[in-house]
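In: no letters, just coordinates:
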């Protein structure tokens, strides 16, 4: 079935990834995200294109119906498999259902009651995945601020018999910790790393905090470190933070504030640098193209943008929203200030060139978790020396 109007541009592959509807960028980017999760178990290629065949680009109702239909089918298959004792198949179907429910609500209005219902179904499926992990999984609420909390999934590394290294994973505004279940869990567990997947205040199931200002997000992440150390089954010397997508800015600020991180995957402050430069342009009234370069020079004079003490990995795609030339310049400035920082730019020739490597998250996350694992091994070796 194909209801695509004849006057629409056909799907095509671009350097930033597969573009299903070239005339509708929002739909295409969301489709690329869910399609890219297929190799990690968050979707299947056939189901993605089946849903796409039922979608009229720009028709939000058709988008909601198409993804809800495949989500319901996966949830039902998962339930049947579980009742029959086939836990692996159940987990696979529930994981896909969670992702599809999340996808279905993307274009619904905030006050549409179906949005809350879709997100509740997403959480139900996610919790089924978490709670039935062979190594155990927990839904936890971590107190922070005044009567606030961070909601998170804790997923212990399989087969761990001692205190394990752990990675705290955060996303940007509008992020749900459930999305990390299919993008990060396999990569972390394969390397013996436990995970804490976090909804920061105002994200996902975590409540909005009255009076919350930006800098307090870092404090919430430090509360997560406090929680992990208090558990007693985590190696407190081997805690890393991974800021996925726009969450990289939060991770940068958290690593600047808290010296307990052994490694950080973040933007090292480049998003803040762009904001500062943009504000400078706006206040000065001048549209100077060299304002970013001026900001980097200012940071170099002051010994770097951040006070991050741990090793840092900055990752960008060649076709990221932020200019990779500025990322390279900032990386050089940080190194000149004595920082242990590495920059990885994914080229379009190998894919993973979109923002957050959304076109091919596997390549991005393989690189990220290899780097984290190698850094935490170095910490362990120094402890045992």
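Out: Cool, the structure landed. Note that the coordinates shown come from a computational prediction; the quantities given were computed from them, not determined experimentally.

In: nearest residue to the residue nearest the centre of the chain other than its sequence neighbours?
Out: Nearest residue to the geometric centre of the chain (CA atoms, centre = their mean): residue 244, 3.4 Å. Nearest non-adjacent residue to residue 244, counting by CB to CB, 6 or more residues apart in numbering: residue 171, 5.0 Å away. Heads up, the C-betas are built off the backbone N, CA and C, glycines and all.

In: contacts only, for the one you found.
Out: Residue 171 sits next to 177, 179, 180, 203, 243, 244, 245, 246, 247 when contact means CB atoms under 8 Å, 6 or more residues apart in numbering.

In: just the buried residues out of the residues you listed, in ChimeraX syntax.
Out: A single ChimeraX command selects the buried members of the contacts of residue 171 (16 or more other CB atoms under 10 Å):
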select :177,179,180,203,243,244,245,246,247
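
In: in helices, which of the contacts of residue 171 appear?
Out: Using DSSP state H, the subset of those located in helices is 179, 180, 247.

In: any idea how far residue 245 is from the second one?
Out: From residue 180 across to residue 245, the span is 11 Å (CB to CB, to the nearest Å).

In: got the end-to-end distance for stretch 16-23?
Out: For stretch 16-23, the first and last residues are 15 Å from each other (CA to CA, to the nearest Å).

In: what mean pLDDT does that stretch have?
Out: In this model, stretch 16-23 carries a mean pLDDT of 93.

In: now do it: distance to the chain's middle.
Out: In terms of CA atoms, centre = their mean, to the nearest Å, the gap separating the centre of stretch 16-23 from the centre of its chain is 21 Å.

In: any buried residues in it, and which?
Out: Of the residues in stretch 16-23, those buried (16+ other CB under 10 Å) are 16, 17, 18, 19, 20, 21.

In: beta partners of the fourth one?
Out: What that stands for is residue 19. Beta-bridge partners for residue 19, by DSSP bridges, are residue 12.

In: so who does it touch?
Out: Counting by CB under 8 Å, 6+ apart, residue 19 touches 11, 12, 13, 28, 32.

In: give the buried residues for stretch 190-202.
Out: 191, 193, 194, 195, 196, 197, 198, 199, 200, 201.

In: the fifth one contacts residue 170, doesn't it?
Out: When you say that, I think you mean residue 196. No - counting by CB atoms under 8 Å, residue 196 sits too far from residue 170 to count as a contact (9.3 Å).

In: show me the shaky parts of the stretch 251-385 of the chain.
Out: Counting by pLDDT under 70, the stretch 251-385 of the chain contains low-confidence ranges at 271-306, 381, 384-385.

In: now the strands for it?
Out: Counting by DSSP state E, counting those that start in this stretch, the segments of the stretch 251-385 of the chain that form strands are 263-265, 312-317, 341-346.

In: now those as a markdown table including distance to residue 36 and mean neighbour count?
Out: Putting the strands of the stretch 251-385 of the chain into a markdown table (distance: least, CB to CB, whole Å; neighbours: other CB atoms under 10 Å) gives the following:
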| stretch | distance to residue 36 | mean neighbour count |
| --- | --- | --- |
| strand 263-265 | 19 | 28 |
| strand 312-317 | 12 | 25 |
| strand 341-346 | 13 | 18 |
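
In: out of those strands, nearest to residue 359?
Out: strand 312-317 (7.9 Å; CB to CB).

In: same for that closest one, what does it pack against?
Out: Applying 3 or more CB pairs under 8 Å, 6 or more residues apart in numbering; DSSP states H and E, one finds that strand 312-317 contacts strand 263-265, helix 324-336, strand 341-346, helix 361-384.

In: what's the longest one packed up against?
Out: Of the remaining helices and strands, those touching helix 361-384 by 3+ CB pairs under 8 Å, 6+ apart are strand 164-170, helix 179-190, strand 234-243, strand 263-265, strand 312-317, strand 341-346.

In: thanks a lot, see you next time.
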